[in-house]
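Colleague: pasting a predicted model and its sequence here:
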Amino acid sequence: MWISESVSGDRPFLSVLCFRALCCKGPPPPRPEYDLVCIGLTGSGKTSLLSQLCSESPENIVSTTGFSIKAVPFQNAILNVKELGGADNIRKYWSRYYQGSQGVIFVLDSASSEDDLETARNELHSALQHPQLCTLPFLILANHQDKPAARSVQEIKKYFELEPLARGKRWILKPCSLDDMEAVKDSFSLLINLLEERDFEPSRM
C-alpha cells in the first residue's frame, strides 16, 4: 500500500491522513422523511400508538380533538404523522388535511361495537376511494387485539371487504396492541418499504 512506500519523515503526516480516513467519514446521510395522515374513530387508539412509538409517557396521553403532528423516528426513515381526531363532528373535515400526504395509517378498534365497526368500515372505504389518497400506501391496524372481544385479522378483512375494494392498491392489514409494540414497529417498517418502493416508481422520477 502507499503508506509502506513513504519515508519515515512522513509518518506524522500519514498518521493524520489515516486518522481522517478511519475516523472522520462525516455525518451519516439524512434519513428520508415521509408525510403521513393517520385517521380512525375516537377510541381506536391512534394517539396511544403514536405516543408509544415516540417514547412519550403514557401519563401525558390525551385524545386528539383536532389534529396533531408527531415526528416518529425509525432507523431508516422519519415519519411525520398528522393525526386527525376521530369524533363525529371532526371526521367530516378529514379531507381538508389530506393534501401532501404520502401514505395513510388507518387505526380501527377490533373490539368495538357493531355500530362503530360499521362506521369505521365506511370511513375506510371513503379514504381508499378519495382522489388524494387512492394511490397511496395504506397501513391498516386492527388495534386492541389484547381485548377478549377483538375480531381476528381475517374477520376484519372479510367484514371490511378489503380484497375486492382495495384490489390493485398497496395496503397492509396487521393486528396490533400496546402490549406488543415490536409488532407495531414491524408493521410500520412494512409501510416504510412501500413508501420507498413508491419513491422509485418511474412516474415519480
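Modeller: Okay, I see it.
Colleague: and the contacts of the helix or strand that contains Leu128?
Modeller: Per DSSP states H and E, Leu128 falls inside helix 114-129. Under the criterion C-beta atoms under 8 Å, 6 or more residues apart in numbering, residues 39-41, 43-44, 91, 94, 104, 106, 108-109, 112, 133-134, 138, 140, 151, 159-161, 165-166, 169, 171 lie in contact with helix 114-129. The C-beta positions use only the backbone N, C-alpha and C, and glycine is treated the same way.
Colleague: okay, buried residues for that helix please.
Modeller: Neighbour-count burial for helix 114-129 flags 116-117, 119-121, 123-124, 127-128 (criterion: 16 or more other C-beta atoms under 10 Å).
Colleague: what is the subsequent helix or strand relative to the element among helices and strands of the chain having the smallest mean pLDDT?
Modeller: Every helix and strand of the chain was ranked by mean pLDDT, DSSP states H and E. The lowest is helix 11-23, at a mean of 48. Next in sequence after helix 11-23, counting helices and strands by DSSP H and E, comes strand 33-39.
Colleague: can you name every helix or strand that that following strand contacts?
Modeller: Under the contact definition 3 or more C-beta pairs under 8 Å, 6 or more residues apart in numbering; DSSP states H and E, strand 33-39 sits against helix 46-53, strand 77-84, strand 103-109.
Colleague: of those, give the one that comes closest to Leu195.
Modeller: strand 103-109 (5.5 Å; C-beta to C-beta).
Colleague: mind listing residues that contact the helix or strand harbouring Lys70?
Modeller: According to DSSP H and E, Lys70 maps onto strand 67-74. Strand 67-74 is contacted from outside by 31, 47, 50-51, 53-54, 78-85, 97, 185, 188-189, 192, using C-beta under 8 Å, 6+ apart.
Colleague: any idea of the mean pLDDT in it?
Modeller: Across strand 67-74, pLDDT averages out at 93.
Colleague: same question for stretch 188-205.
Modeller: Here the average pLDDT along stretch 188-205 is 79.
Colleague: and what of stretch 137-145?
Modeller: Rounded mean pLDDT across stretch 137-145 is 98.
Colleague: what about Val81, how many neighbours?
Modeller: The tally of other residues near Val81 (other C-beta atoms under 10 Å) stands at 24.
Colleague: cool, and Trp94?
Modeller: Trp94 has 19 nearby residues by other C-beta under 10 Å.
Colleague: any idea how far it is from Glu123?
Modeller: Using C-beta to C-beta, to the nearest Å, one gets 8 Å for the distance from Trp94 to Glu123.
Colleague: overlap in contacts of the two?
Modeller: With C-beta under 8 Å, 6+ apart, Trp94 and Glu123 have common neighbours Ile39.
Colleague: next, count neighbours for the residue nearest to His144 when sequence neighbours are not counted.
Modeller: Distances taken as C-beta to C-beta, 6 or more residues apart in numbering place Ala111 nearest to His144, at 4.6 Å, with adjacent residues excluded. By the criterion of other C-beta under 10 Å, Ala111 has 18 neighbours.
Colleague: correct me if wrong: Ala111 contacts Ala149.
Modeller: Yes: using C-beta atoms under 8 Å, Ala111 makes contact with Ala149 at a distance of 4.2 Å.
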